[in-house]
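A.B. asks: Have a look at this prediction, sequence included:
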Amino acid sequence: MRICLVHAEPEKLPRIQLEHRSLRRGGHDAYILTPRIRVRFSPRLLSGGLRYLGLMAQEALEHPDVFHVLNIPDILGFTPIIKRARLVYDVRSPWADELRAFGHGALICWLAERIERYVTRHADAVIVVNKVLECRAREWGAKRVYVVPNYPPAEFRPTIDREDFKRQHGLSGRKIVLYVGKLSAVECTLDLVKAVSNLLGEEDIVLVMVGDGPERASIERFTEEKEIKSRVRITGWVPYEEVPNWIATADICVLPRREDMPSAKFYSPHSVRKVGEYLALGRPVVAAPVGEFAQTDLPIRIASLSSFSTAIKEELANPHVVNRPNDFTWESSERTLLEAYDDLAKNAG
């Protein structure tokens, strides 16, 4: 089966690379459509629209057996529907709710949800990353739904001994609380530092933040004011192959999130990639009670952000043991992905 995988920025999306590899390993002739228009200017809405229209025009010139469209933006699913081509709609996050979280207007958010619903109903198969999105897809009239969690590949493993790596970075003998990702208001990174500042002031603990973003300057100002700058290490962005080494150093990994965000109910240990990475490397996790996290039976300690300091202390004293970490690798997701395409081939025509 010839499969065209489509995303606005495929080079920045590990999931599309994994799906491409899995589909080819499953015997399919899969390829990733490379966007030709990459312009960026102000206003962002206009430049984004130009990029998306250009990619939709590229889709119109392609003739695969199946278009596999990954959101966001979900409007990329329109071209296969108009062409009456077979469509697999791959949903990682709720487009309209993400727009609401970033403060976009009511009209734009309403339109995005209408598009989500339309593409969901018309897709030949809908792939989602967790049960919450599965329920939503079924409620919206999806023909077939498959849950393919957003886990890392089995080769996501540290390349350096844990203690050697800590020694290289001046962290020997320290307890490490680790955050991986963008330093932003959506990720609650400044709130995280504030929530654990008393812990950093009293204990021999270092908060390591692997990433960068708009809140970095605010975090650095706060740590200077509270005189805990030596206890908060911001690495900046690091090559992806170094991320497992950082995770392996952690005593505790954390996932802060705002519980009042419109998209909060769609978060899940199976869809937030960094959580899959934490668990795949056997690290204990403290996470906010958002979406499926609130009722998870996985080895994760759940706590409101305001209680992270206490939860981290409890987790350090009595850490969860992550049994069967291989359950959180992409290879388990690959089986469902290939099953979806087997079903699609059986139901062709």
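C.D. replies: The structure has been received and is ready for your questions.

A.B. asks: Where does pLDDT dip in the stretch 1-150 of the chain?
C.D. replies: In the prediction, the stretch 1-150 of the chain carries no residues with pLDDT under 70.

A.B. asks: Go again with 90.
C.D. replies: Residue ranges of the stretch 1-150 of the chain with pLDDT under 90: 12, 38-49, 97-105.

A.B. asks: quick one: the strands in it?
C.D. replies: In the stretch 1-150 of the chain, the segments counted as strands under DSSP state E, counting those that start in this stretch are 2-6, 29-32, 66-70, 86-91, 125-128, 145-147.

A.B. asks: mind checking which of the ones you listed is nearest residue 119?
C.D. replies: Between residue 119 and these, the shortest separation by CB to CB is 5.4 Å, and it involves strand 86-91. C-beta coordinates here come from the backbone N, C-alpha and C atoms, glycine included.

A.B. asks: List the pairing partners of that closest one within its sheet, with orientation.
C.D. replies: Sheet pairing for strand 86-91, assigned by DSSP bridges, gives strand 66-70 (parallel), strand 125-128 (parallel).

A.B. asks: Save these as TSV, and put in mean neighbour count and distance to residue 298 too.
C.D. replies: Shown next, in TSV, are the strands paired with strand 86-91 (neighbours: other CB atoms under 10 Å; distance: least, CB to CB, whole Å):
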stretch	mean neighbour count	distance to residue 298
strand 66-70	26	25
strand 125-128	26	18
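
A.B. asks: can I get these in CSV with distance to residue 115?
C.D. replies: Below are the strands paired with strand 86-91 laid out as CSV (distance: least, CB to CB, whole Å):
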stretch, distance to residue 115
strand 66-70, 12
strand 125-128, 14
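
A.B. asks: Quick check: which of these is nearest to residue 105?
C.D. replies: Closest of these to residue 105 is strand 66-70, at 24.9 Å (criterion: CB to CB).

A.B. asks: Now do that closest one: everything it contacts.
C.D. replies: Strand 66-70 is contacted from outside by 1-7, 13, 15-16, 19, 23, 30, 59, 76-77, 79-80, 85-90, 92, 119, 124, 341, 344, using CB atoms under 8 Å, 6 or more residues apart in numbering.

A.B. asks: closest to residue 259 out of the strands paired with strand 86-91?
C.D. replies: Taking CB to CB, strand 125-128 is the member of the strands paired with strand 86-91 nearest to residue 259, at 21.9 Å.

A.B. asks: circling back to that earlier point, could you export the strands of the stretch 1-150 of the chain as TSV, including distance to residue 232?
C.D. replies: Output for the strands of the stretch 1-150 of the chain, formatted as TSV (distance: least, CB to CB, whole Å):
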stretch	distance to residue 232
strand 2-6	39
strand 29-32	38
strand 66-70	34
strand 86-91	35
strand 125-128	36
strand 145-147	37
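
A.B. asks: so which of these gets nearest residue 271?
C.D. replies: Using CB to CB, the nearest of these to residue 271 is strand 125-128, at 8.2 Å.

A.B. asks: export the closest one as PDB, just CAs?
C.D. replies: Output of strand 125-128 as PDB, limited to C-alpha atoms (Å, rounded to 0.1, in the frame of the first residue of the first chain):
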ATOM      1  CA  ALA A 125      -9.800   5.500  10.100                       C
ATOM      2  CA  VAL A 126      -9.000   7.800  13.100                       C
ATOM      3  CA  ILE A 127      -5.800   7.100  15.000                       C
ATOM      4  CA  VAL A 128      -5.500   8.700  18.500                       C
END
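
A.B. asks: Please tell me how far that strand is from the chain's geometric centre.
C.D. replies: Relative to its chain's centre, strand 125-128 lies at 16 Å (CA atoms, centre = their mean, to the nearest Å).

A.B. asks: So which of the strands paired with strand 86-91 is nearest residue 217?
C.D. replies: strand 66-70 (32.3 Å).

A.B. asks: what sits against residue 59?
C.D. replies: Residues near residue 59 by CB under 8 Å, 6+ apart: 4, 6, 33, 67, 76, 79-80, 83.

A.B. asks: which of these sit farthest apart?
C.D. replies: Most distant of the contacts of residue 59, by CB to CB, are 33 and 83, 13.9 Å apart.
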